[in-house]
Structure formats: C-alpha cells, structure tokens
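Asker: just the structure for this:
(6 chains)
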6 protein chains.
Amino acid sequence: MNFPFTAIVDQEEMKLGLILNVIDPSIGGLLIMGEKGTGKSTTVRALAELLPEIEVVKGCRFNCSIKGPFCVECEERLNRGDTLEIEFKKMEVVELPLGVTEDRVLGTLDLEYALTMGKRKFEPGLLARANQNFLYIDEVNLLEDHIVDLLLDSAAMGMNRVEREGLSFYHPARFILVGSMNPEEGELRPQFLDRFGLCVEIKAIVDKEKRKEVLKRRIQFDLDKEGFLKAWYDEQERLKERILTAKRLWHEIEVSDEILEKIVSLTAELSLDGHRGDIVLLKASKAYASFEGDKELKTSHIKKILAMALRHRLKRLPFEDPKEEVKKLYEITQLL
Amino acid sequence: MNFPFTAIVDQEEMKLGLILNVIDPSIGGLLIMGEKGTGKSTTVRALAELLPEIEVVKGCRFNCSIKGPFCVECEERLNRGDTLEIEFKKMEVVELPLGVTEDRVLGTLDLEYALTMGKRKFEPGLLARANQNFLYIDEVNLLEDHIVDLLLDSAAMGMNRVEREGLSFYHPARFILVGSMNPEEGELRPQFLDRFGLCVEIKAIVDKEKRKEVLKRRIQFDLDKEGFLKAWYDEQERLKERILTAKRLWHEIEVSDEILEKIVSLTAELSLDGHRGDIVLLKASKAYASFEGDKELKTSHIKKILAMALRHRLKRLPFEDPKEEVKKLYEITQLL
Amino acid sequence: MNFPFTAIVDQEEMKLGLILNVIDPSIGGLLIMGEKGTGKSTTVRALAELLPEIEVVKGCRFNCSIKGPFCVECEERLNRGDTLEIEFKKMEVVELPLGVTEDRVLGTLDLEYALTMGKRKFEPGLLARANQNFLYIDEVNLLEDHIVDLLLDSAAMGMNRVEREGLSFYHPARFILVGSMNPEEGELRPQFLDRFGLCVEIKAIVDKEKRKEVLKRRIQFDLDKEGFLKAWYDEQERLKERILTAKRLWHEIEVSDEILEKIVSLTAELSLDGHRGDIVLLKASKAYASFEGDKELKTSHIKKILAMALRHRLKRLPFEDPKEEVKKLYEITQLL
Amino acid sequence: MNFPFTAIVDQEEMKLGLILNVIDPSIGGLLIMGEKGTGKSTTVRALAELLPEIEVVKGCRFNCSIKGPFCVECEERLNRGDTLEIEFKKMEVVELPLGVTEDRVLGTLDLEYALTMGKRKFEPGLLARANQNFLYIDEVNLLEDHIVDLLLDSAAMGMNRVEREGLSFYHPARFILVGSMNPEEGELRPQFLDRFGLCVEIKAIVDKEKRKEVLKRRIQFDLDKEGFLKAWYDEQERLKERILTAKRLWHEIEVSDEILEKIVSLTAELSLDGHRGDIVLLKASKAYASFEGDKELKTSHIKKILAMALRHRLKRLPFEDPKEEVKKLYEITQLL
Amino acid sequence: MNFPFTAIVDQEEMKLGLILNVIDPSIGGLLIMGEKGTGKSTTVRALAELLPEIEVVKGCRFNCSIKGPFCVECEERLNRGDTLEIEFKKMEVVELPLGVTEDRVLGTLDLEYALTMGKRKFEPGLLARANQNFLYIDEVNLLEDHIVDLLLDSAAMGMNRVEREGLSFYHPARFILVGSMNPEEGELRPQFLDRFGLCVEIKAIVDKEKRKEVLKRRIQFDLDKEGFLKAWYDEQERLKERILTAKRLWHEIEVSDEILEKIVSLTAELSLDGHRGDIVLLKASKAYASFEGDKELKTSHIKKILAMALRHRLKRLPFEDPKEEVKKLYEITQLL
Amino acid sequence: MNFPFTAIVDQEEMKLGLILNVIDPSIGGLLIMGEKGTGKSTTVRALAELLPEIEVVKGCRFNCSIKGPFCVECEERLNRGDTLEIEFKKMEVVELPLGVTEDRVLGTLDLEYALTMGKRKFEPGLLARANQNFLYIDEVNLLEDHIVDLLLDSAAMGMNRVEREGLSFYHPARFILVGSMNPEEGELRPQFLDRFGLCVEIKAIVDKEKRKEVLKRRIQFDLDKEGFLKAWYDEQERLKERILTAKRLWHEIEVSDEILEKIVSLTAELSLDGHRGDIVLLKASKAYASFEGDKELKTSHIKKILAMALRHRLKRLPFEDPKEEVKKLYEITQLL
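Answerer: Below you'll find the model as predicted:
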C-alpha cells in the first residue's frame, strides 16, 4: 500500500511534469533534478498506483498493447491466424539499478531453454517489463554512458531491437522515462540532457506549516494505512478521471500559426541547439491545455510549460549559475 | 560464548542507538562513527545474543516471519493450501565482508539445481540470512557504492526483489542495518549518510577507572567464561524484558501537535535536505519514550535523541569541524 | 513510417554528401560534424527509405549481391553447381551502438550449432547486415579505436575476413559508412578522419521561417502520417529517379587533363598528406557532375565539392580555428 | 632439513615475539618490520620445526583439534555417534603468497565432486591448512586489503565461516599469524596494524664477530647438515621443554591490582585508540612471565614487553620519526 | 586485382627496403615511418602479388617449406615414413590487427576437436599463416608491448614455440616483418626499433607532375583494371626475374677485409649499441649488390644502404631532430 | 645449430657469471644489466648447448633428477616399489615471456584429464620444464611483481609447491635463474635485486678489432655453420671438461678463518642489508677457485668476484651514479 499521489504535499512542478508525460508519452520523459530525500521515487510510484490498469496481449511476455505495434512473438501468433486476447495489468514502476548490465536492460538468450530444448529463445529484459509502464532511474548521472544510451535510443524509437548471440528480436518498448539526479554529484552529458523531454527542479519544502503537514500525514498513514487511503479516495479518483479525459481530448487541441510563430521566436532568442526544444515545448503545452480542459493552445499554456521544456537545453549555463538561467527564461516569457 | 551486552563498559550512545532500532526497526538502522578498537562489532553481537529467538516459517529459506509478508515460496505453499508451521531461531549478526559481490548479497540462480533438475531455483543471499536479523557492515565507507545502494534500497523497501538470469523472485528483507566507519579513512556520500536512521560517534574511554574495569572484566571473562555469564545473567534478563515491553508499548505513545511543531522548527532551523530528518527524529524519540516507560512523547525525549537523529544530516559540515556541529546542535536544543 | 527525405528542411550539404556516396560508394563514406538534435540519424534513415530495394542472393545470410563478389557459402553453392536466385530486400540503416564488441561487428562462431551439430558455423555480425546498406555510427569519436579500425579496414577492402576461434571466413562488406560526431566532445584521430571520404558540418537552422516550417511539417506528420507521405510522394520519386540515372551515367563522365592539373594544384597548395584527398575530390566531383546530369567534369563541380572532400584533411588546423580553415579553402577556390 | 632455531644468531626480540605467541596464541600474532635478507621466514620455519607435533582429529580435512571446537564434518561424525580418533602431524608454516585469491584463502566448492557426485562439498583453503599452525605473510603491506581483512577476521574469531555458492560451512581456524613488512615499501593501514598482537623491528647484524658467526654456521650447515643438527640437538630440546612448561603454567600467573593500574596508566599516557593495547600488553607480559618461570606478573615483565606490544599502536607517529617513538616509549617505561 | 608494384609512383626507398628483405629474409624486416595515406599497405600487397608462389608441404597447416625446417606434424609424418608432397600457394600479406590477442598470434588449442575427439590439437594462429609470407603491422607503435615482443621473438628465431594449456607445439615461422608507424602518434621503444632490420622514412609526393601521374594511373586502373595490368605486365615480369636472380647470386658476393673495416669504422663513429647495426648493414648491402648484379660488395653499395640500416639505431636522437640525424649520417658517408 | 659459446667475442664477466652458477647452482642466479643487442640471450643458449645432457627419471614430467628430491609422482612410484630408470635430455633454456600468467609458471589442473577421466591431474608449468635447466627472463624489470615473486621463491626453495583448485602438488624446481634488464627502462625493486646471486654489467664492444672479429665470425658462421662448429669443437670440449672438473672439486675448497674475516670486513664496510651478500660472495669465490683449479680460497679469488657479488646490493646508489659505486667497490678491494 503506497502513499496516495494526491496526498503528497507541494512539489507541484514535478507532479505536473509526470502527468503531462502520461497524457502524451511522446513528450519523451522527465528529468528531476534536486536534493536527496524529496520523495522523487515515492511520487512516481504513487502516480503509477493511481492510473488505471494497462491493456496487454494475454500471455505476451513483452507487455504488447492490444493495439500494436507487436513483438516478434505476437506477430507470429497473428501470422498463424491466432486471435490475441486482452489482459489487464497493474501499472508498474520499473526501477533501473546502478550498475545494471546491458543484458538485463535489453534481454538476452534464455540459456536454460537453449540447453534443454536446443533452440534459442529471447528472455525479456527490463525494457520489456517497462513497456507501457514507467522506467525510473535514480541518480541517472551516475549511470554508465552506454546504458543511458541504450535507454534513450529505445525511448526514442519506442522499440527494443536486439541483435546478438545469434538472436534477432524486437519488441515495443514504450515507457515513460523518469530520471532523477542531484546536480551536485556530477552532471549529465548535454547530449543526454537534451533527450529528456521535460526537466523539473525540486527542493525540500521550507514552509513550516507544510512540513508539519508532511509529518502529520506520514504519522496518520503509518498508524492506519487503510483509513488514510479511504480519506483520499475521492481526490484520487477525481485526478484519474481528469487525466483520462485529457488523454482523449489532447489530439483535438488547435494550434494557430501565431502560436507556432511565438514558439520559434522564443527558442531562436535562446539560440538552442537543434529543434527538439521547439517540438517538446509545443507537445507539452498541448498536453497541458488538454489537462486544463481547453480546446485551443494559448500563450498562457506555453508560459506555464516554458521552464520545464527548455531549462535543460539552455546553452552551457544550466548549472553554472542557475539564477542567470531563471532570469533568461523569465525575460523570454515577457516576449509572449 | 560472547561477552554479555550489559557488561560492556560505557559507550551508552551506541548501545541506545542499537536498542532503539530493535524497538522500532523502521527507524532505518545505525551508523557508528569512531576509532578502531572500540568494540563496535562486539557490541552488536552481544545485543543479538541477548535478544529472544526470532519466529520464522519452518523450512523457509528466507527467514520469513510467520506473520508475513512472505517470500515467493511461502506464498506458493499458502496458495496450495498448506499450513505454515513456526520455528524458532537464534538471532544472528550477518556481517557483510568488504569486496562482497552483488550475487552474494542478493542471492542468485542455484546452478547445481538447474543443471541436475533442469529447473531454475533461487539461491538465497546474505539479505535472506539477514531477514529479521542484524546486518553489520564494518567500514561501510570502504564498500563499493553499488553495494551500499543495494543494501539501502532493500532496507528501505523491506523487500529484496531479484530480476535477473531469467529469475524473478522476491522475499522480505527486514533487517537492522548497522554500519561502522572511521571518518579518517574516507567519507560516505551524503546520499548514503542520510539514509541511515541514526548516527552515533564513539571514542575510546579515557577515564582510568573505567579502562581498568574493562581490563578486569576481560580477564575475568577469559579465565572463567561460564562464571562470568552467570554473574551477569540477571542484568541481561532485565534489559531483555525492558526492550520487549517497549516494543509492545511503542505504538501507544501519544504525539501532541506542539511536539510536531517543535520538531519541524528544529529541522527548519538546521535547513536539512528533505524530510527524512523530521521523520526519524519523531520515530526514534517515540521509541526512546517507550524504552523509558513513558506514554507520551515529551521534549526531554527529543532532546536526548536529537544528536543521533540529525548529526549526519547537517549541511556539509559534518566532518569539517565537528565542534561547530556540536555547537549548532546544542544551540538548537536550547529552542526546545 | 519515416519522415520523407525530401521533406527535411534545409541541411543541403549533408543531404548531398549522402547522395554522392550512393552514386559512387567507393568515395568512402561521410562524416557529419555538428551539434546534437540536428536530425543526422533521421536523415540517413530517410534516404535509405527512399532508395530502391537491394538485390541479394536468395537465402544468403550475408546480403551477397547477385553480381558478386560472394561469401564463402555462396561460393560453395556455385562450386556445387547450384544456381543462385535473386531476392529483394528493403535497404537498411545498421546502427553501431557505442560499446559494441568486436564479435558483434565481425561475426563469430555459432555456438548453438557447434554444440548441437558438432560443426563450426559462422554467425553473421553487423558487417554482414550492413552489406549493400548504410552503416551508421553516432558519436564516432567516442567509439573505441580498435572498432573504428575494424570498420575502416572492412570499408576499404569491401570484404570482411575473419580468422579466429579456428574459423576462416570471408564475406563482402560493401556499405556506405556514415559517422557523426560533435567536435566539442572529443576529436577523432587524424588517421581516422582521413579515411572518411567526405565530411560535412551542420548547424541548427536559425532562420525563423524555416524553423516554423520544420515545426509545421512535424505536426502535420504526427497528426496524419499517411496523408503527409502521399503529399510528398512525387518529390520522393523524382529524387529517386535522379539518383538512379546518375548511378548509370557516372562512369561515362569525361575528365580532361586540365581538370587533373587543377586538382593537383589545389591539394599541393594545401600541402595535404598522401593522395587520398586528390582521389576523393576527383571521385566525388564526378558523382556530382552525373547528379547534375553533366557528361563532363567541370571546374564548377569541383568548386561545389571542394569543402566536403578536403575540410577534414587540412593540416592540423581542422578544429583549432574553423574560420581560418574556411578562409584557406575559400582562397584555394579562387585558384580554380 | 631446516637450520635450527637456536642456532640463529642474535635477533632476540623477533624470537621472543614468536615464542610468546606460541605460549598464548590469543595474543594475536606478530608483525615483523625490517629490511630484506634478515631471515624472517627462516626463523618462523625453524620455530615450527622445533615445536612438538600437533594433535588433530584423524582424517579431518581441517586440522580440527581433538579438544574442539570442531568443523561441520567432525560435528556430523559426533552427531552420528562416531568416536573421533587422534592423529599427530608435523607443525607447518603456511605461507600466503601475494596475489592470493579469496577462494584459496577461505576454501571453495569442490567442483569435481559436484560434477561427478551431484552434491556440494567444501574444499579446504589455506585457512584450513593453517589451523593449529603458523600462517606467514611476507610483505603483508603489499597484500590486497580485502585479503588482509579476511585473515584478521578469521584470526580474531578463530573460526572460518564461508557462505557462498550455496555453501554454508565453518571450521576452526586458530593459527599464529606472522606478517613481515619493509616499512620503506609502503605502510599498513592503522586499522590493520592495531590488530596484530605484537610488533618487532629487526635490523641486520652489524657486529663483525656475529656476522662471522652467521657465515661460519652457514658453511658448517651446508657442508654437513646432519652433523650440525646433532650439535644443536640439546639446545633445541631445552628450548622446547621451556616453552611447553610455560604453556602449562601460563594460566596460573597472578595479576595484582597494582599491575593493572600500571598498565592502564601507561596506555592512558600514550592516548592509544581502543583497548586492544591494554589487553595485549597484559597477555604478552603474562606469557613472558611464564616463559621466565615466574608465578606472578611483575613490573619487569611489562618493561620487557612494552615496546613490542605498543610500538605499532602509537598515535600517527610510528614511522615518521622512529626515534621520537623510541623516546616516548622510553619515557613511559620510567613511569613503571 | 591489386595495383601493380611497378606502377607505384616514386617511394623508391620503401620499395628497395622491401625487395632487399625478399632477397635475404635474415635482414630482419622493415619499419616504415611516415604520414598516413602514403600507400604503405598497398605497396606491400603489390610486392606479394608480384612474387612467385611459395612452395609448401601439401596439406601442412603451417605452410612448412618442403626444404624444412618442419612443424611437429610434418616431422611426425616423416617419422612414420610418409613422403611429403609439394604444393604451390599464392604469397600472402598477413595483417596484424590492433588489439589482436596472444592466442590469435600464436595459435591455440582446437576446442572443437578437443570436445568431440577427446584429444588435443593445435590450432594455427597468424604466425602459421605468415610462414613464408609477409607479416604486416600497421601502426606498430600502437600495438601492445607483449604482442610486439612475441612477434620479434618469433621473427628472430624463425620458429614459433607454444607451451600452454598442456600443449607443446612448434612450427617454423619465417616471415618478412613489415611495420609502419607515424612517429607523431607515439614512439616505439628503442628495444623494439633496434630489432627491425631496416627502416625507411616516406613522405607524400610534392612534385606536381608525379602527383598527377598518381591520379592518372589511378583513374586508368579504376576504369579498366585488366587493361592496366596488361600494360604493366612486362615491367612486372622484369622486376620479378631480377629479384629471383639476386636471390640466387646473393650468397656468392665477396666481402673484402677492407669493407668490413669500413663498416666497423662507421658504426664505431656513431657509437651504436650492440652489434646488430654492423650485421644488418653488411647483409643488406650484400643483398643490394646482388640486386644490382654485382659480384663484389663495394663502398657504393654500403653508401646506398647506410641510412636505412642505421637511421633507427642512432643514439637517442632519432626523432628529436631528424635533420641532425641526417647530417650525422651524411658526415659518416663522407668517411667511405 | 647455435653459435658456439667459446666463439663469442669478449663479454668475459657475463660468461664467468654464468659458469659460476653452473658450478654451484646454490649461488642463486645471475642478473645481467646492459644495453640491448649485446647477445645476452644468445650467450645463455650457447652455454646450455655446450653443457652435457641432464639425467632425469625416465618418463617423469617434471625433469626429476635420478638422485632426488622427487616430485609427487616419482614418490608414488617409489612407494609402489617401482624402480626409476634414467634418461638423458639436452639441456634447455626456458624463456619466460613478458605477460606470462601464474598458471603457466606454476602449472595447473589438467582440464582435459579431469573432464574425460573424472580425476584431477597436475599439468606441468614452466617451472617443471626449467627443472635442472636455465630459466631466462628478458627484461626482468618489466615483469609483474607477483611473477618475479613466484620465481624467486621457487628458486630459493628449489621446490615448486602448488596448492589450488583443490590440487596439492610439489616437484623440484632447481634451475639457474638468469635475468636481463636495461636499467634505463625501469628499475627492479631492491627486494628482488638482492635475491639474484650475482649481477654483471655489460656494454657493447668498442674496440674496432674486436668488432671486426664479431662480424667476421658471424659471416663465417652464416656461410658454413658446420665448418664453423668443427673449427671450434676442441675449444668447446676443453671448456666443458674444465667446468665438469670444477663441479667435482668445488666442495673440497678450503676456507680459512682469515678469509671469512676479510669477507665480513668488506660487507660491513659497505653496510649491506642482511647476510645474503656475505654468503654469495663466499660461495661464488669458492666456485671461481675451483674453476681456476685451486684447492684453497684466496684473496685473489674474492677480488675477482667482489663486484659481481655485491654491485647490486650497495645501499641505494646502484643506478644513481654508477661511477661512485665502482669507486666504492674499488676502495673496498684495496682493503684485501
């Protein structure tokens, strides 16, 4: 029994960043920067708990969605003329441990099967488990580069292709990538930073009343978990409904030419590398508009999202003087 | 035959830190900082010897408690309709050697079984042995980071989940984590420091009379172990009873709103990262209150526990000038 | 469904560099230097999608061309008097992951076959898959030296010879090598630089209208992929035809003695090491002439190609001050 | 045929340090610091040769003493009701080579047995061979830390517990640990230094007459080994008798309260870490008293032992200026 | 179809260095120092193509010459009374890749044979393939020291002896070792430099007419390989004949005492280490005399060879200031 | 066919150092310091070629001498009552390659035998091959420390004891250890230096007449090996006889007390560490006396040997200023 998402005190930006990725998973994940002990992992787990179950092909070892795309095995079943049945599964937060090996991430040859049956079979890795789920990496800046690489590639393609040990296999790997890092413990290469869709910064709460509230809710939860969950039930259901509605409405949001003009002006002003910043800002703003229940993308939506979409793409200054960065983003917002 | 816990001269803070973790294991372990040769490991073993036997599911390879949660194997037995019987085992101090591998910590595939029976079976690691016991790490600051990581994760979740080599297994791993370190031999990353519940500092005894007492008791013990144990029997039994009583009473301690206010004010004053400091201070103070036989949490309890709960969470100054640290904590105590 | 090649906004030099290599694969590949997020990998994939299918020997595990040269297995079939049948395959972009091992690049012993059949069999590696295709390496400057070595050797010989673990095998490995790198993240040894046929530098687009165009096309594509592809169908077909025509005409281009004189004067002026610069400049200019539909190699063709053929071969100054480099190349062009 | 212990010229402190450990093995071993070529290893071997054979359980692979404690296998035999017979074995000096692995030290799974019999069996390591013998480590300061750790832990507990590869095994490991080191080639961590019971410093002999004596005895021994041994037979027997007598009398030595007072004052004056110094000084002095044939522990015994018990425990100055150290110890002795 | 050796423009010293080693393989190989892209590897391959086929024992896996010495397997056949038949093989350039392992160089146990037949068999390595052929190492200065070691040892002994994994095997390994290096990318240890028989320095051609000639021949070759080879056929045959004649005549060249005197005076003047310089200068000069069709070794031959025999043996100054080196060698030549 | 030992020009000290070790192998080997290309390895091989065959137990895999001590296998045969027959073998120079592993040096488990026969068998390593032979290490200063350690330990004990992988094996390993090093390429730890019995320094010959002689003999040998060997036959036989005679007479050499006095005075003057210098100087002088055919050890013998016995044991100055060293030794000689 996890602590309920809606009972988490404060940390609004982190919570919004997660929700937007749920509404439009093509936003490309969330990077959470901040001090230890701020409940990053707890928050992700709490959101997964709140969301409805995922629909997977019954018996599929790779969590294939019933709507496709499919893994090699599901495709074989379809080719044989089998009908794929549906199955529901609790959403999961797959955590990637530091020191994880390529094998465990990608999957590998099933040795037991090979030895006993004399045939090769693919053994799912963490990317298979993460399909349609969250993939959480604590201290992503401490992960080895080639593993980060693998994850970002799979995340970008939505597909995990494995070619090795004579195996040729692929399966969908559509997950919401959430990384956390403490910038004081080492940076992430700009190459990687850029590939996280959004980025939020969190700090411990300083307001005393809120801190007390944190402590109180914690005691209540520890003393009587079931009672606590019951008390928050309605709030949880309300948020779940709102997210599901936003997911349905999102592709109907209208984007005017002026809005595009504004986005391009913003990023030109900041002289960002490449075009990823433009695209993510557009997508996340649309997701936010739909979460707000609006039907048209407005400047106010962009203002809200600006910092989390561009903060980690500012040229070379992200950590050197964060205040300068904030100033820059603030000035930019004035242009809108 | 170990030296009796109650016959250990002085070192009251270390002994209290251990006892509080026994009363409320969710406090999250104890970090002992201090010079070599101060009997850290001996003290932990002595406490384990004093405590009553643990109750485990008969035949369970993971020391599952009869009250659950259960390991995969116990769950399978329950699902088959089997009744789980009870078995008593001497409490143990599982020591984690430097250079230990992930395999030995987490457990691994039982190769022999796989080769002869053609089926996979999970082979318990040190975390299985440590379930319901103490896990002791000498010189925790010299352990490799990814091992510390594993331990702290398991400790936090109370569960060891293993996903690899095609194995998917979990079992409870509820242990009292005790680490020791000599700060002169390298620090522990703040990330790790924060995750130990309590932290005590020990020094060798300088008082001559006490030193002589140490020596005398040692000679007596060496010359006639059985006689020595008999002489300390009553003292040992008294402490055991007191701990067991505290364990039973602990969840009845009342916590007033003023006390919460005081805790939050304290930690705000110290500008600690995150909320773990608040929570541990609250929990350990409650455990102390129950050890003292009180029914209500009072300021005096918090004063007693303050240093061991917050010492290692002070911002960036823990080792640079310990005197400053002490001063800070002292000033804070005046606020109570 | 990939984004269409012809719908990619701007980045003309990169697109031309790729096309020239398709026209004359002996040019020796393309190195793309530039910032992240400029769609390097997308562009290569888009070109592969546009090109016609490749013709391979049916059943050949090494993508042997029906016109030869052949792999050991195809040769054995020919020696047995078998007729090799033809098969068509979609062109592919084989991506080389960082941290790839020699085994996966070259191919290796098929262990399963060896264990069950008691005979050795060669298991194709990435070079086999890359035969008649593109081989793409992102961040080639971060790849280990000995892997770069392997690739460049195979690329130069058009053949992959493997002698190890008692295996003696060879198969054709004729691929278009495309590497990308961000010069800010480490250089490539001059030895390697020189062996890429062409080299282009790309930057993110700064022109606002073009950026907006990028964003617009992206939205259109995301909202209605099939409609978008249909809209660009004719443009795609036109480019495909033009490339195929150029491939046929290329070997008929006439090269006058004066043109040779000019090439040699240019490279002498730049005091390049070795003769590879001369040869590539000649070949790429011929490919460009045929792409332009000309029958004779003219000074204008050489002017167009000069920078991409020689930029990375300039003595020791390539990255130190790129402006100096540009100046040098510009002055040289005046000589033509 | 080894050179006889009693024929070794000079080096009295090293010889006494070894003998005291034989009389009371709980002293905790000897660290020999000194230049190369001073016969350290020869001296240890010579003492082992002189001592009587050890009594072991017949057929026990772990050199279990007939008086216990026992290894798992001996315990199983006792549980089956078997009688353990006695067997005599020559005392041995087990040498630990640099670069030794954990496996060889602790013992490991007997693979042959596992493969042929399908059952696990423990294969003894060097600690099993060392049981009831000497364990000698040349250049202990060059040994890897985790191996030193293993040795010191086993030495402290007198037991080797192995938990890995699915094996759970223990056997007694009571050995006299002798380490040698040349301080010029790197220091030993203070943590390790402290855990050697005694420490002596040796130097090559400078006195010409003694050097000549060394050379003469060497020639005599080389030319006629048997004659030489015969010549020293009586001297050897006398020493052996004296050691055996001391071993019997040692536990009867009386220790007055004044003596304890003196020990504690000494170590307080030197502000040593922990209590190990006090305890070792007491034990070694008792062993020396019994070697001298005395029945009471006197100040003169402590004076004799002081340097070898405390030299390596002095705070931070052991190697920096050895003369200062000697001075300190000398001044301290005046207090007695 | 390779580019013909005689059609290679310029680079006379490198070509002569290779030819001399073909005439007298005991000269000990050639080290080529120079910039990238100067056709080093192409030139070696072209020479191998021009030379006549080698005579090997039919079926021998180690390219044993029919004249001996023989490998273990050929010796066994001779001992059984078998007659060894002759077989002709195209000469080969075996290239040693960077990162090659000892196993692949020396050969190793044939695992397949061992597993299926239960007997050990030696599996030939690159040294077996190189027997009677060229062994080419690009960038020899980047090769690991112990591999360079293996090669130079085998080259010196003309024999590859393998003692490991229970195998005891030997076979002749008489190859012409050709190494190339770019001195700007790291030096070769003097120990290794000295063991290459000859050393040449090459530079790219600067003469424009020659550069044009390079380009022209390249185009001609690319457009019509067969025609090009036909055009150079006579030139190729002439060189082949001349080399074969030189090989026959070489051992009849007369060496006067005055010539020896001159050689020794030269090397004494240069104060070279050891005697290898003297011997190589003598041998290479003899080979050159025979290539020139002379019957007596003259001062002029020595003058021609001096630089390539001694350049890399000059004391400590080889790379520091090459001009000084040239000057030294020039002054020395005046002595002749 | 090797170059004959007696035909090697000059290098008298190195040749004598080798011969003395043949006469008394307990001297402990020879370290040759000097430049490359001075024929160190050739000289050792030439001496091995000259010496008579060794007598080994027929069929013994460890070259056991018929006079013992014996390996485990020979002992087992003797215990079974078998008679050991004699066999003659050519003396061998076993060369230790850089990068050699512990396995290959010590020997290891015979895996093939274990797998097929289900029993463990020891597979001999290089130390077994070296028994009764020369063990030559080129560039001993570049060898890994733990390998040098193994060699020196085996050399000192004359026995190779292996305890691992469940194997317990020993066999005699009595070899003459010859190491060479170029002091410019890194030093040897003093610990190791001291354990080589003798040490010589060699330089290339500067005398022109001698250099010419080297060259002449080399040509003669190359042109007609058999003729050359015949010409030197008598000289070779004479030296062989002289060495064999010396071996027989050596133990009869008389050593007066005055001579001992002189040795001890010398080494005291030089303040050497330990006693190894004294002992080696004595032994090598005795061997020299017997090589000279004398029956008594005289001052002149010691003078001759002084430098090679003590040069590498001088305190801390061996390489810093070799002239100082020579001076020191020279002054010392005056004392005799």
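Asker: neighbours around the residue nearest to residue A:174 when sequence neighbours are not counted, how many?
Answerer: In space, and not counting its chain neighbours, residue A:174 is closest to residue A:158: 4.7 Å by Cβ to Cβ, 6 or more residues apart in numbering or on different chains. For glycine as for every other residue, the C-beta is placed from the backbone atoms N, C-alpha and C. Residue neighbour count, defined by other Cβ atoms under 10 Å in any protein chain shown, stands at 14 for residue A:158.
Asker: same deal with residue A:333?
Answerer: Close neighbours of residue A:333, defined as other Cβ under 10 Å, add up to 15.
Asker: quick check: it vs chain F, distance?
Answerer: Counting by Cβ to the nearest Cβ, to the nearest Å, the gap from residue A:333 to chain F is 63 Å.
Asker: and the pLDDT at that residue?
Answerer: For residue A:333, the model assigns a pLDDT of 71.
Asker: if we can go back for a sec, and the residue nearest to residue A:174, what is it in contact with?
Answerer: Contacts for residue A:158 (Cβ atoms under 8 Å, 6 or more residues apart in numbering or on different chains) come out as A:69, A:172, A:173, A:174.
Asker: rerun at 10 Å
Answerer: Residues in contact with residue A:158 (Cβ atoms under 10 Å, 6 or more residues apart in numbering or on different chains) are A:25, A:26, A:69, A:131, A:172, A:173, A:174, A:175.
Asker: what's the answer for residue A:270, then?
Answerer: A:277, A:306, A:310, A:313, A:314, A:315, A:328, A:329, A:331, A:332 are the contacts of residue A:270 under Cβ under 10 Å, 6+ apart.
Asker: by pLDDT, give me the weakest of these.
Answerer: Of all the contacts of residue A:270, residue A:315 carries the smallest pLDDT score, 66.
Asker: the residue nearest to residue A:174 and residue B:67, how far apart?
Answerer: 44 Å (Cβ to Cβ, to the nearest Å).
Asker: and the contacts of residue A:270, which are buried?
Answerer: With neighbours counted by 16 or more other Cβ atoms under 10 Å in any protein chain shown, the contacts of residue A:270 contain buried members at A:277, A:306, A:310, A:313, A:314, A:328, A:329, A:332.
Asker: still on that earlier bit, can you select the buried ones from the contacts of residue A:158 in ChimeraX?
Answerer: Typed into ChimeraX, the next command selects the buried ones out of the contacts of residue A:158 (criterion: 16+ other Cβ under 10 Å):
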select /A:25,131,172,173,174,175
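Asker: ok, so of the contacts of residue A:158, who is nearest chain C?
Answerer: Among these, residue A:26 lies closest to chain C (Cβ to the nearest Cβ), at 7.8 Å.
Asker: quick check: nearest residue in space to that closest one, chain neighbours excluded?
Answerer: Nearest residue to residue A:26, sequence neighbours excluded (Cβ to Cβ, 6+ apart): residue A:283, at 6.5 Å.
Asker: how close does the one you found get to residue C:210?
Answerer: Computed as Cβ to Cβ, the residue A:283 to residue C:210 distance reads 20 Å.
Asker: what do you get for residue A:90?
Answerer: Applying Cβ to Cβ, the value for residue A:90 to residue C:210 is 46 Å.
Asker: contacts for stretch A:251-260, please.
Answerer: By Cβ under 10 Å, 6+ apart, stretch A:251-260 touches A:24, A:246, A:262-263, A:278, A:282, A:285-290, A:294-299, A:301-302, A:336, C:211-213, C:215-216, C:219, C:222-223.
Asker: recalculate using a threshold of 6 Å.
Answerer: A:286, A:289, A:290, A:296, A:297, C:212, C:215 (Cβ atoms under 6 Å, 6 or more residues apart in numbering or on different chains).
Asker: and the helix or strand where the third one lies, what does it pack against?
Answerer: Per DSSP states H and E, residue A:290 falls inside helix A:276-291. For helix A:276-291, the contact count by 3 or more Cβ pairs under 6 Å, 6 or more residues apart in numbering or on different chains; DSSP states H and E identifies helix A:12-23, helix A:225-249, helix A:257-269, helix A:299-310 as packing neighbours.
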